[in-house]
Structures are given as structure tokens and as C-alpha cells.
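Chemist: Take this sequence and fold it.
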Amino acid sequence: MKKVLFVSYYYPPMGGVGAQRVLRFIKYLPEFGWEPYVLTAEPSPYLPYDEAPIGILQEERVRRAEVLEPLNLLNRFSFLKKKNLSKKTVEQGQPVKNPKNLKEGFREIPLSWKGKLRAWLFVPDDRIGWIPEGTREGLGFVLKEKFDCLISTSAPYTAHLLAWRIKKRTGIPWIADFRDLWSTNTFIYFPTKFHKSLNSWLEKLVVQTADYVMTCTPLFREDFLLRYHGLPADKFAMITNGFDPADFPLPHPDPYPRFTISYVGDFYGPQTPVYFLLGLRAFLNKNSEAAENIQVLFVGPFENRVSPIVDSLDLGKTVRFLGFLPHEQSVAIMRRSHLLLLVLGSKAGGEKIYPAKVFEYLAAQKPILALVPDGITKELLKESGVAFIVNPENEDAVAIALDKIYRAYKENGLPLNVEPANLQNFNARELTKNLAQLMDNIQRTAKSIERSKR
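Modeler: Residues are numbered from 1 along each chain as shown. Model (predicted):
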């Protein structure tokens, strides 16, 4: 069986979207003739904890390299503990009651000053301290196992630089997997033109050296094709995120006794809940009965950034913050909810994005309230036939949609479970089959080049 080494910073027990993409590939690759291994980082105490499913990969196939984490150093000092200036304002008795001011203040979730400091000091990101030990561990792993393919996945983009070093030393065929854009990512904070230029130069180094560049949306692929038009188009592949059907078995679980709207993931940059919460407040103001029968569950590590909005709108009795939960528990909440909330925002660049959660939302077979702009996610949801789509910056449209949805629920006209028309396009087994075919192509090309040199 051929062997592939994944270079992924996020891997259990560190949770998150990046870890789930890798786990799905790892689970199904052996069915297609590939034996997976992982080079990852030592778990950080400051990141969400989520164990891998039992038996998905033996620990001896995982190498963990120590990371010189600047965040670890910063958090040693008590005066640098996490603060949220917006929440501080609320706690001092000055909540933002004016909706216009609230929209202006939370149009985007602001980047913390520590986030800005890290962007100034570390290029491409603050995981750059992973490279020294990661290179040593990776080269040792390669020497022992004789890998046939190397796959690095970002973010963090440091993973690609680490893979680049391994590729240059060993010549192993390499796929650079971009879960997000890099130098053209409008959601990334580049402090100066120099920082942006340096990131662009590093991206070019990765793209030109990798044997394949893989993206997770078609418009990400088009972005690379446009900027690297001198490279062959077939160097750029696209495999979306997806869902594992094993996470969504039948029968469907019983729903919550109260009408439940759930959001699973994170909010950052223009992906702000302010317009949803303003719409929710307006809806409840006109439907006092609904306030006793509706709950909103926020699942993710963002309470300190979002609770000021909830406090200002007096929604504390309706909205519950559950924090980051392991993937299994998050999926269980999706499946028991009546409505799933998707927020993308309207900032330029959002039209190119498939939020990773959207595929598991579809797999949960629940109606979706989608605050999304024109773009590929909107088209995907329209095709699925399960979404109520509203302007992402129109709280009145949100209130109208909530009224329509809640009335349907009260009249037993809101389906508890609804199967999207396009669900099977995102089955993890089929997506992994596509990845295996891509790696098989790399193998055939490498062997052909080797024969031509003889």
C-alpha cells in the first residue's frame, strides 16, 4: 500500500475545521490504496480540545513536533490576559442601545490587539516556530517510512513552508492544500504593504514548488489560475470540504422541546452575528409568546466577542453560549435543532467561500437560515432547497424570515428533517476517492519522469 504524509498543524487533540478535513481523508484513504500518516504540532493548551475518534489512526503513525508558540509566552503575563474592550464598555454600564451604533460597532468582529501584534511580528503566521522541530521530525519520519506523497494543509500557512523544506530535501511529490486563500485573502490582516508582499512571495514559492495545488472551492482555484497563468491549469485541483455519513446515522434524533436555532463554528471579521441578533430582537418584540419558546445555541469559542451584542439587546434569556464542544457533541446539537444559522457577511471575498460548516449543516438535514451574499454559497444553498436566504446586513429581512419560520413551526408546517438535493456531492468517501486519484496521478507522473531520466 502506498504511503502519504499529511502535514497539518491542527490534528486531535487540537480541534477545529482543519483537523476535521484531515480526519475525513485519513479515515477513507485506505479503501483506495493509501496508508495515511500525520506530522503535526504538540497540542497547544490555548486551543480547543477534541479527541480523534477511536481507531481512526494508530498513534505510531503520528509525529508531533514542538512549536515555539508566542501565544504561550504572552499568556504567562497576567497583565496580558484576554480582554474585550467592547464587553468592558457594557460591564461599565454603557451598553450600546442604539441599533445604528451597534451595527457600526460590530459590523466586523474586531481583531484583538494581540492578533494585530502577532501579524506584525510573525510571517506568514505565529506558528512559524513549528518549522525547526517540524523539519527535524518530518525528515526523520520520511527516512523511516519512505512516503510516496506529501500533503500540507493550511491555515496556518506555516504548514506549507514546513512541507516545502521537506520537499526540497527529499523530492517527495507534494500537494499544497489551501482551505483558505493566502495573499489575496480579504479576511487576513496584513499590517503593511511589506507584510503583504512578503506573504505573496512565500505563496509564490509554495505554488511553484508544489506538484499540485488543491483548493476547497472553485473560485479559490480560479483565483490561483488567474494569478499564476504561466503554470499549467491541471496543476490546480479542487476538492471541497464535506461530511462523514457515519456522523449522521438514521434514525434522526428527537428535536429539542423548545424551538432551537443553533450556530456552530466561530465568528471572525465580517462574519458577525450582529444583524441576526438585531433581527431576532425585532422579531421577539412583536412576538412576546415566542420569547418563552425559543432558544438560540451558540457553539464556538467566541462568547467574549459576541456577548456584548447579546447583552446590549437584552437577549440573555434567549441566547446560550456553550463554548467550543467536541465535534461529536456539535453534530448532535445540529441534529436536534429546528433551524441552523449560517452567517457569511458581505465583505469582498465572501462570495468565493464555502464555510466548512455548510456541508455538515446540509448533512444534518435541517432548515437553514442563511445570511449570505451573492456567491457560491448562496448558489449551493439555493440548489439544496433547504435554506431561507436573506441579505446578510438586513435585520428587517431576518425578522421577517424568523416570523415566517416560527409560524410554520407552530402550525407543524416546518419540516423536522429535509434532505438537500445535492447532499451526496459532499460525501467524505467520494471526496477522498478524488484525492486518491489525484495522488495516483502524481505517482504516475513521477514514475514517468524517472524513466525519462534513465
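
Chemist: burial measure for residue 444, as a count.
Modeler: Burial measure for residue 444: 10 neighbouring residues, criterion other C-beta atoms under 10 Å. Where C-beta positions appear, they are placed from N, C-alpha and C, glycine not excepted.

Chemist: Is it part of a helix or strand, or is it coil?
Modeler: The three-state assignment at residue 444 reads helix, by DSSP: H, G, I helix; E, B strand; the rest coil.

Chemist: Distance check, it against residue 173.
Modeler: Distance from residue 444 to residue 173, counting by C-beta to C-beta, to the nearest Å: 10 Å.

Chemist: Just checking: what are the partner strands of the helix or strand containing residue 39?
Modeler: Per DSSP states H and E: residue 39 is located in strand 34-41. Neighbouring strands of strand 34-41 in its sheet, by DSSP bridges, are strand 2-7 (parallel), strand 62-65 (parallel).

Chemist: Show me where this protein dips below the pLDDT cut-off.
Modeler: Across the chain, residues meeting the criterion (pLDDT under 70) sit at 54-55, 70-108, 449-454.

Chemist: My guess is residue 405 contacts residue 339. True?
Modeler: Yes - the criterion here is C-beta atoms under 8 Å, and residue 405 meets it with residue 339 at 6.1 Å.

Chemist: Spit out the residues that contact the two alike.
Modeler: 367, 369, 414 (C-beta atoms under 8 Å, 6 or more residues apart in numbering).

Chemist: Among those, which one has the most neighbours?
Modeler: Going by other C-beta under 10 Å, residue 367 tops the shared contacts of residue 405 and residue 339 with 23 neighbours.

Chemist: Spatially nearest residue to residue 199 (excluding sequence neighbours)?
Modeler: Distances taken as C-beta to C-beta, 6 or more residues apart in numbering place residue 183 nearest to residue 199, at 4.8 Å, with adjacent residues excluded.

Chemist: and the one you found, how many neighbours?
Modeler: 20.

Chemist: Next up, the contacts around the closest residue to residue 21 other than its chain neighbours.
Modeler: Spatial nearest neighbour of residue 21, excluding adjacent residues (C-beta to C-beta, 6+ apart): residue 241 at 5.8 Å. Neighbouring residues of residue 241 by C-beta under 8 Å, 6+ apart: 17, 21, 179, 216, 354, 356, 359, 426.

Chemist: what's near enough to touch the fifth one?
Modeler: The neighbourhood of residue 354, defined by C-beta under 8 Å, 6+ apart, consists of 216-217, 240-241, 376-377, 380.

Chemist: Also the third one?
Modeler: Going by C-beta under 8 Å, 6+ apart, residue 179 touches 17-18, 21, 153-155, 216, 241, 356.

Chemist: at 6 Å what do you get?
Modeler: By C-beta atoms under 6 Å, 6 or more residues apart in numbering, the contact list for residue 179 reads residue 216.

Chemist: how close does it get to residue 341?
Modeler: Residue 179 sits 22 Å away from residue 341, going by C-beta to C-beta.

Chemist: ditto for the second one
Modeler: In this structure, residue 21 and residue 341 are separated by 22 Å, where distance is defined by C-beta to C-beta.

Chemist: Same check on the fifth one?
Modeler: Distance check for residue 354 against residue 341: by C-beta to C-beta, it reads 16 Å.

Chemist: How about the last one?
Modeler: Distance of residue 426 to residue 341, given as C-beta to C-beta: 19 Å.

Chemist: How are the helices of the stretch 101-250 of the chain distributed by residue range?
Modeler: 113-121, 131-145, 158-170, 193-209, 218-227 (DSSP state H, counting those that start in this stretch).

Chemist: among the contacts of residue 241, which are in strands?
Modeler: Residues from the contacts of residue 241 lying in strands, with DSSP state E as the criterion: none.

Chemist: List the ones among those that fall in helices.
Modeler: Mapping those onto helices (DSSP state H) picks out 17, 21, 359.

Chemist: how about those residues in TSV, adding neighbour count and distance to residue 125?
Modeler: Below are those laid out as TSV (neighbours: other C-beta atoms under 10 Å; distance: C-beta to C-beta, whole Å):
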residue	neighbour count	distance to residue 125
17	18	16
21	24	18
359	23	25
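
Chemist: want to throw these into a markdown table with distance to residue 282?
Modeler: Below are those laid out as a markdown table (distance: C-beta to C-beta, whole Å):
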| residue | distance to residue 282 |
| --- | --- |
| 17 | 31 |
| 21 | 37 |
| 359 | 31 |
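
Chemist: And the shared contacts of residue 405 and residue 339, which is closest to residue 191?
Modeler: residue 369 (35.6 Å; C-beta to C-beta).

Chemist: does that closest one sit in a helix or strand, and which one?
Modeler: Counting by DSSP H and E, residue 369 is found in strand 368-371.

Chemist: which other residues reach whichever helix or strand comes after that strand?
Modeler: Per DSSP H and E, the first helix or strand lying C-terminal to strand 368-371 is helix 376-384. Defining contact as C-beta under 6 Å, 6+ apart, one finds that helix 376-384 is touched by 219, 344, 354, 362, 370, 372, 387, 420-422.

Chemist: Weed out the non-buried ones from those residues.
Modeler: The neighbour count (16 or more other C-beta atoms under 10 Å) marks 219, 344, 354, 362, 370, 372, 387, 420 as buried among the contacts of helix 376-384.

Chemist: need those in CSV with distance to residue 274, can you?
Modeler: What follows is those, written out as CSV (distance: C-beta to C-beta, whole Å):
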residue, distance to residue 274
219, 26
344, 14
354, 23
362, 25
370, 16
372, 15
387, 20
420, 28
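
Chemist: and of those, the nearest to residue 436?
Modeler: residue 354 (21.4 Å).

Chemist: distance of that closest one from residue 437?
Modeler: 21 Å.

Chemist: swap in residue 314?
Modeler: In terms of C-beta to C-beta, residue 314 sits 54 Å off from residue 437.

Chemist: Which residue ranges make up the domains of the protein?
Modeler: When the chain is parsed with automatic domain parsing, its domains come out as 2-69+127-242+427-453, 245-425.

Chemist: Among these, which comes closest to residue 119?
Modeler: Nearest to residue 119, of all the domains of the chain, is domain 2-69+127-242+427-453, at 5.0 Å by C-beta to C-beta.

Chemist: Cool, thanks, signing off.
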